[in-house]
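Visitor: Take a look and give me a structure for this.
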Amino acid sequence: MEKEELTKEEDIIETLKLLAPGTPLREGLENLLKAKTGALIVIADSDSVMNILDGGFHIDIDFSPAYLYELGKMDGAIILSSDAKKILYANGQLIPDPSIHSTETGIRHRIAEQVAKETGEIVIAISQRRNIITLYKGHQKYVIQETPRILSKANQAIQTLEKYKISLNKAMARLAALEFEDLVTIYDVALVLQRTEMVMRIANEIEKFIYELGNEGRLVSMQLEELVDNVKEEGRYVIYDYNTNPEIDHITIENAIKSLSSEELLNLTNISKIFGYSNNINALDQGVTSLGYRILAKIPRLPLNVINNLVKEFNGLQNILKASTDKLDDVEGIGEVRAKAIKEGLRRLQEKVLLERHI
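Guide: Numbering: from 1, shown residues only. This next block holds a predicted model:
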């Protein structure tokens, strides 16, 4: 995703937190939904909103679901404070710029979309006939769905994530085995980063469901946390291991991969190009050597500063594997005990990954 799209995504997530089940605002909205009265609510007290508000009652009271329900019986708009803790105006008329394009057909939703686009603020429209809650924020639109339906979608997404996580684990295990054998190609690296990004994209979608579910999303949240544990960190170590261009840092590479569209992500040559290699398909067969960050990070109680010293001293995993205990002992931050622990840790890891590869 582009930086602007990521910001929009964050805006929607923050807004969904305000509307999550279990919050007073969501309770008030659901009361209006059940009453089938319809409503137009703006969550902002900025000048841009006040300038297009005409008439209504200035009440300035603490928010409560019951007050929102009663005030919603009137036809006009309700204005809440930006933190949704106060009801400022009721039965007001919003007069946005009529030249602002709207794709909506109903008057209430058209006004809501135009106000959101003109002010950049959060506007909620509750449909009287269709019985749905629609959220507008700037140029974005998001339909709030019923909790059982969201929960069903979230569970389906978790199942999809599990499949992708299995695929990622296999790619990671294969990469580790090839790293010990010094047989890694750009294809292997690109495949791992592709699967990592796919897992994180599904995880981001599930996060939106969790915020929308509120109190009902605890189980889904626990499952998500377990599935994505350490995924982002391992992906970053892969970038550390194979980024040989000193002019490009890992954050630049991460953002470049995130900005790929779903179709572009499927083509591994696009990831190869981000690393500075040719986008020719033959480039994927080019051999590369790991610096050793990801493998070394798996050794218990080995601090990052020591890993950095090892990589700087030996310049590659193969050289670290071949190094004697005495050579390791000479590196800053490594004593005799730690040098032996590193040798033993690498031996065990090598046995483990080679065994996993043949299971």
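Visitor: Helix or strand: which one has V143?
Guide: Using DSSP states H and E, V143 sits in strand 140-144.
Visitor: other SSEs contacting that strand?
Guide: helix 3-19, strand 133-137 (3 or more CB pairs under 8 Å, 6 or more residues apart in numbering; DSSP states H and E). All C-beta atoms are positioned from the backbone trio N, CA, C, and that covers glycine.
Visitor: Name the stretch from the ones you listed where average model confidence is lowest.
Guide: Of all the helices and strands packed on strand 140-144, the minimum mean pLDDT falls on helix 3-19 (a mean of 68).
Visitor: in the strand holding V143, what counts as buried?
Guide: K141, Y142, I144 (16 or more other CB atoms under 10 Å).
Visitor: Need the worst-confidence member of those residues.
Guide: I144 (85).
Visitor: Now for it: which residues touch it?
Guide: L19, L29, I132, I133, T134, L135, E212 (CB atoms under 8 Å, 6 or more residues apart in numbering).
Visitor: just L346 next, same as before
Guide: With CB under 8 Å, 6+ apart, L346 has these contacts: I295, I299, I320, L321.
Visitor: What segments of this protein are strands?
Guide: With strands called from DSSP state E, the chain shows them at 39-43, 53-54, 57-62, 77-80, 86-94, 122-126, 133-137, 140-144.
Visitor: which residues make contact with the third one from outside it?
Guide: Contacts with strand 57-62, where a contact means CB under 8 Å, 6+ apart, come from Y67, K85, K86, I87, L88, Y89, A90, N91, G92.
Visitor: among those, which ones are buried?
Guide: Y67, I87, L88, Y89, A90, N91, G92.
Visitor: ok, so what distance separates A35 from L71?
Guide: According to CB to CB, to the nearest Å, A35 stands 12 Å off from L71.
Visitor: what's the answer for E344, then?
Guide: For E344, the distance to L71 - CB to CB - is 70 Å.
Visitor: Tell me which of the two has more neighbours.
Guide: L71 (21 against 12; other CB atoms under 10 Å).
Visitor: circling back: TSV please, covering the strands of the chain and showing distance to L178.
Guide: Shown next, in TSV, are those (distance: least, CB to CB, whole Å):
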stretch	distance to L178
strand 39-43	52
strand 53-54	64
strand 57-62	62
strand 77-80	57
strand 86-94	60
strand 122-126	49
strand 133-137	46
strand 140-144	43
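Visitor: comparing the ones you listed, which gets the lowest mean pLDDT score?
Guide: strand 140-144 (a mean of 88).
Visitor: Pick out the residue nearest the middle of the chain.
Guide: N204 (3.5 Å; CA atoms, centre = their mean).
Visitor: Look up how far I166 lies from it.
Guide: 19 Å.
Visitor: Count the residues that sit near the nearest residue to L260 once chain neighbours are set aside.
Guide: Spatial nearest neighbour of L260, chain neighbours left out: N270 (5.9 Å); criterion: CB to CB, 6 or more residues apart in numbering. Per other CB under 10 Å, the neighbour tally for N270 reads 18.
Visitor: Also M200?
Guide: If we define neighbours as other CB under 10 Å, then M200 has 20 of them.
Visitor: so what pLDDT did it get?
Guide: For M200, pLDDT reads 96.
Visitor: same thing with N267?
Guide: pLDDT at N267 comes out at 93.
Visitor: residue contacts, it?
Guide: By CB under 8 Å, 6+ apart, N267 has no neighbours at all.
Visitor: How much space separates the residue lying closest to E264 once chain neighbours are set aside from T119?
Guide: Of all residues not flanking E264 in the chain, N270 sits nearest, at 5.0 Å (CB to CB, 6+ apart). With distances taken as CB to CB, N270 is found 38 Å from T119.
Visitor: do V238 as well
Guide: 43 Å.
Visitor: And L135, by the same measure?
Guide: Separation of L135 from T119 (CB to CB): 14 Å.
Visitor: Same question for N315.
Guide: For N315 relative to T119 (CB to CB), the value is 55 Å.
Visitor: Out of these two, name the residue with the larger neighbour count.
Guide: T119 (21 against 13).
Visitor: Now do the contacts for the residue lying closest to the more buried one once chain neighbours are set aside.
Guide: Nearest non-adjacent residue to T119, counting by CB to CB, 6+ apart: S48, 4.1 Å away. Going by CB under 8 Å, 6+ apart, S48 touches E118, T119, G120, E121.
Visitor: Over to L135?
Guide: Contacts of L135 (CB under 8 Å, 6+ apart): I12, T15, L16, L19, I122, V123, I124, K141, Y142, V143, I144.
Visitor: gap between the two ends of stretch 116-132?
Guide: End-to-end distance for stretch 116-132: 18 Å, by CA to CA, to the nearest Å.
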